[in-house]
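Trainee: just the structure for this:
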Amino acid sequence: MYGPLHLHPLPDGLGPCDNVKMARVFIEERWLPKSVLCLRDYNRHKLLLDLIAGITVGLVALPLAMAFAIASGLTPQAGIYCAIVTGFLISAFGGSKTQIGGPTGAFVVVAGIVAAHGVDGLFVCTVMAGVLLVIMGVTGLGTGVKFIPRPVVIGFTNGIAVLIASTQIKDFFGLRLDKVPGVFWPRMEALARNFHTVSYEATALAVLTVVTLIVCRSVSARIPGPIVALLLGTLAVYFFKLPVETIGTRFGGIPSGLPHLVIPKFRTDLIHGLLGPSFTVAMLGAIESLMSAVVSDRMSNDRHNPNVELIGQGVANIFSPMFGGLPATGAIARTATNIRSGAQSPVAGMIHAATLVCILLFAAPLVSYVPMAALAGILMIVAYNMGEWREIPQLLKLTKTDISIWLVTFALTVFADLTVAVEAGMILAALLFISRVAATTTVSQVTDDYIEDGRMHVLQDKDIPYYATIFRIHGPFLFGATDKISVVTENLHKLPPVVILRLRNMTALDATGLFALEDVAKQLHASKRTLILCGAREQPSQLIHQAEFAEVVGEENICDNVQEALRRAEEVYERLEAKFVVAKK
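Mentor: Numbers count the residues shown, from 1 in each chain. The predicted model follows:
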């Protein structure tokens, strides 16, 4: 993504032969953090907007940080310390303009590491994962995460969402259970056996939290739902003296003051046993952070640097255990809140960390009243939102291979171990890629019919009108290559009303490629432009039809050849002209 052919426009006065300046610009764009690049045109207005956004997202991060830490088997202050340290470092050294880092749902699975190796084991694992992330960024593997196919990613997120929800059942219903098993199936059996100990007060409080979050989201996406729900739940416990468990009754509250720098004991005897888990944490961190950065790009009209982002994530995870924190990555929900609140640069992420420091210094005693049921309700909504459940019906329309890969990844994530799921996912990704490429390799004789059929697809004798443009995909459009489709929308405002995507030379298509095409179609539709697909070969055509892609672009906008696509473009333009004339009258 970041190579000599993709440099940003050179500054005024920089000639094509000025190699020194060109090299300097290239190095700056490739390796400098976004926080440094954004300071070039920083001003008071942007600082004010960053201040508002940083305080807002800092308040939102408080309940989430505590909830994720508790779900991971640690104390609530470990989550706050993690959010402070990693939130600041990820913003300072990362490659995304508005990314917010901190503890996320993806790392709730580290509870298994804590159970097996203790807190020292988690700290060692986090540092090792941080080193791996830095290596991935320095060696240019930031773009390598794209080689994980969509069914595998969905399987991970579905599985992690189920695991998060299962860890919150005890607090959601206020069950009296001394120890919750770390493995999914024994955990569910233990919860079922003790369900008769349900607390109706805790359940009502958790349901109130869920309802509050849903109402806040339906009223406006700008309302910080977690903070509103947390305040209502805490006030209900304080004024009505509800007999429910709180952070104070379970953990004795959280200590006031700044987190202390303590170099964790690096036990070499744990390294061998933690190689697999550290690789898993690193891969999950890379996937989650780069997915969040992509969402950030779409919302803020920016482009992140994946390699610098991974370096920032790695540095943050190396330092997090030194302050008693857990693994961290980019947080999609907090990043979206940051952007909606008006964030202009990574300074907002640093202010978010400073806001949490102020809470520790001046409001730590109040946190003791936060009910565990309210945190459980918040995490239930987080689990639902991160699960990407709406993609499952679409996934079920794809090939049996895609469905099988999703099911295997999901099942291994929930019922086995996330390390096994990641390893199996990577192996399945490689096998799927080989299978797709092999299946589309053909040998056939050139006949008169073949030559005649080709005349409908060639562009040499076709006139492309001014109101249309044609892009082509050449080769297999599978996971690992789908980022190249961004060339269609990177200069969206310059495109004509009709965009034709020529698929004649696209030899293969998979679920990830189809998802990328759908994303392009939605972006074009949002800008009042029409996307027309033409010339798809047998395998891509079959998948497009099977996935009911016509519902996205319209049946009439899927054409057999480029000649038919140009006729359709003319119809679209004539209809637009007619609407314009009517509107003008």
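Trainee: can I get stretch 85-96 in CSV? Just the C-alpha atoms.
Mentor: Coordinates of each C-alpha in stretch 85-96 appear next as CSV, following Å, rounded to 0.1, in the frame of the first residue of the first chain:
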residue,chain,number,x,y,z
VAL,A,85,-1.0,3.8,28.9
THR,A,86,-1.9,2.1,25.6
GLY,A,87,-4.5,4.7,24.7
PHE,A,88,-1.8,7.4,24.8
LEU,A,89,1.0,5.4,23.1
ILE,A,90,-1.2,4.1,20.3
SER,A,91,-2.3,7.6,19.5
ALA,A,92,1.2,9.0,19.8
PHE,A,93,3.0,6.3,17.7
GLY,A,94,0.3,4.8,15.6
GLY,A,95,-0.5,5.3,11.9
SER,A,96,-4.2,6.2,12.2
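Trainee: where in the stretch 351-500 of the chain is pLDDT low?
Mentor: Residue ranges of the stretch 351-500 of the chain with pLDDT under 70: 440-445, 450-454, 456-457, 460-461, 480.
Trainee: where do the strands sit along it?
Mentor: Here the stretch 351-500 of the chain has its strands, by DSSP state E, counting those that start in this stretch, at 468-472, 498-502.
Trainee: format those as JSON lines; extra columns: mean neighbour count.
Mentor: Glycine gets a C-beta too; all of them are placed from N, C-alpha and C. As requested, these are exported to JSON lines (neighbours: other Cβ atoms under 10 Å):
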{"stretch": "strand 468-472", "mean neighbour count": "17"}
{"stretch": "strand 498-502", "mean neighbour count": "24"}
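Trainee: quick one: buried residues of stretch 469-488?
Mentor: Residues of stretch 469-488 classed as buried by neighbour count (16 or more other Cβ atoms under 10 Å): 469-470, 473, 476-482, 485-486, 488.
Trainee: same question, stretch 275-292
Mentor: Across stretch 275-292, burial judged by 16+ other Cβ under 10 Å covers 276-292.
Trainee: for the protein, longest helix please?
Mentor: Counting residues, the longest helix in the chain under DSSP state H turns out to be helix 271-300.
Trainee: who does that helix touch, helix- and strand-wise?
Mentor: Judged by 3 or more Cβ pairs under 8 Å, 6 or more residues apart in numbering; DSSP states H and E, helix 271-300 is in contact with helix 111-138, helix 150-173, helix 306-319, strand 329-330, helix 332-340, helix 418-439.
Trainee: residue 258 is in contact with residue 357, isn't it?
Mentor: Yes - the pair residue 258 / residue 357 is scored as a contact, 6.7 Å apart, by Cβ atoms under 8 Å.
Trainee: in terms of neighbours, single out the busier of the two.
Mentor: Remark: of residue 258 and residue 357, residue 357 carries more neighbours, 16 against 12, as counted by other Cβ atoms under 10 Å.
Trainee: follow-up on the earlier one: tell me the one among the buried residues of stretch 469-488 nearest to residue 565.
Mentor: residue 470 (8.1 Å; Cβ to Cβ).
Trainee: ok, now which ones touch the residue lying closest to that closest one once chain neighbours are set aside?
Mentor: Nearest non-adjacent residue to residue 470, counting by Cβ to Cβ, 6 or more residues apart in numbering: residue 500, 4.5 Å away. Residue 500 makes contact with 468, 469, 470, 471, 532, 533, 534, 562, 565, 566, 569, according to Cβ atoms under 8 Å, 6 or more residues apart in numbering.
Trainee: doesn't the fifth one fall inside a helix?
Mentor: No - secondary structure of residue 532, determined by DSSP: H, G, I helix; E, B strand; the rest coil: strand, with no helix assignment.
Trainee: shaky segments in the stretch 101-250 of the chain?
Mentor: For the stretch 101-250 of the chain, the ranges with pLDDT under 70 are 142-147.
Trainee: repeat that with 80
Mentor: For the stretch 101-250 of the chain, the stretches flagged by pLDDT under 80 are 105-106, 108-112, 115, 141-150, 178, 182, 221-222.
Trainee: now the longest helix of the chain, how far from the chain's geometric center?
Mentor: When distances are taken as Cα atoms, centre = their mean, to the nearest Å, helix 271-300 is centred 9 Å away from the chain's centroid.
Trainee: what do you get for stretch 364-382?
Mentor: Its chain's C-alpha centre and that of stretch 364-382 lie 24 Å apart, by Cα atoms, centre = their mean.
Trainee: make sure residue 265 is indeed in a helix.
Mentor: No - assignment of residue 265 by three-state DSSP gives coil, placing it outside any helix.
Trainee: quick one, phi/psi of it?
Mentor: Torsion angles at residue 265 (phi, psi; degrees, to the nearest 10) stand at phi -70, psi 120.
Trainee: burial measure for it, as a count.
Mentor: If you count neighbours by other Cβ under 10 Å, residue 265 ends up with 9.
Trainee: show the pLDDT at it.
Mentor: Here, the pLDDT recorded for residue 265 equals 73.
Trainee: ok, now the one 5 residues further on?
Mentor: Looking at residue 270, its pLDDT is 81.
Trainee: what's across from the residue nearest to residue 470 in the sheet?
Mentor: With DSSP bridges as the criterion, residue 500 is bridged to residue 470, residue 532.
Trainee: could I get the buried residues of stretch 469-488 as JSON lines with distance to residue 158?
Mentor: As requested, those are exported to JSON lines (distance: Cβ to Cβ, whole Å):
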{"residue": "469", "distance to residue 158": "38"}
{"residue": "470", "distance to residue 158": "38"}
{"residue": "473", "distance to residue 158": "29"}
{"residue": "476", "distance to residue 158": "26"}
{"residue": "477", "distance to residue 158": "24"}
{"residue": "478", "distance to residue 158": "22"}
{"residue": "479", "distance to residue 158": "17"}
{"residue": "480", "distance to residue 158": "22"}
{"residue": "481", "distance to residue 158": "25"}
{"residue": "482", "distance to residue 158": "21"}
{"residue": "485", "distance to residue 158": "25"}
{"residue": "486", "distance to residue 158": "26"}
{"residue": "488", "distance to residue 158": "29"}
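Trainee: what is the mean pLDDT for stretch 51-68?
Mentor: pLDDT averaged over stretch 51-68 gives 91.
Trainee: thinking again about what came up before, how much space between the residue nearest to residue 470 and residue 509?
Mentor: Residue 500 sits 17 Å away from residue 509, going by Cβ to Cβ, to the nearest Å.
Trainee: again, but for residue 545
Mentor: From residue 545 across to residue 509, the span is 11 Å (Cβ to Cβ).
Trainee: between these two, which one's more packed in?
Mentor: residue 509 (27 against 13).
Trainee: break down the stretch 451-585 of the chain into its helices, ranges please.
Mentor: For the stretch 451-585 of the chain, the helices defined by DSSP state H, counting those that start in this stretch cover 486-489, 511-526, 538-546, 550-553, 562-584.
Trainee: what's the most buried one of those?
Mentor: Among those, ranked by average contacts under mean count of other Cβ atoms under 10 Å, first place goes to helix 511-526 (a mean of 20).
Trainee: tilt between that one and strand 468-472?
Mentor: Using axes from the mean of the first three to the mean of the last three Cα atoms, to 10 degrees, the interaxial angle of helix 511-526 with respect to strand 468-472 works out to 170 degrees.
Trainee: contacts for helix 511-526?
Mentor: For helix 511-526, the surrounding residues in contact (Cβ under 8 Å, 6+ apart) are 149-151, 395, 398, 402, 477-479, 481-483, 485, 488-489, 492, 495, 499, 501, 530-531, 533, 543-544, 547, 549, 552-553.
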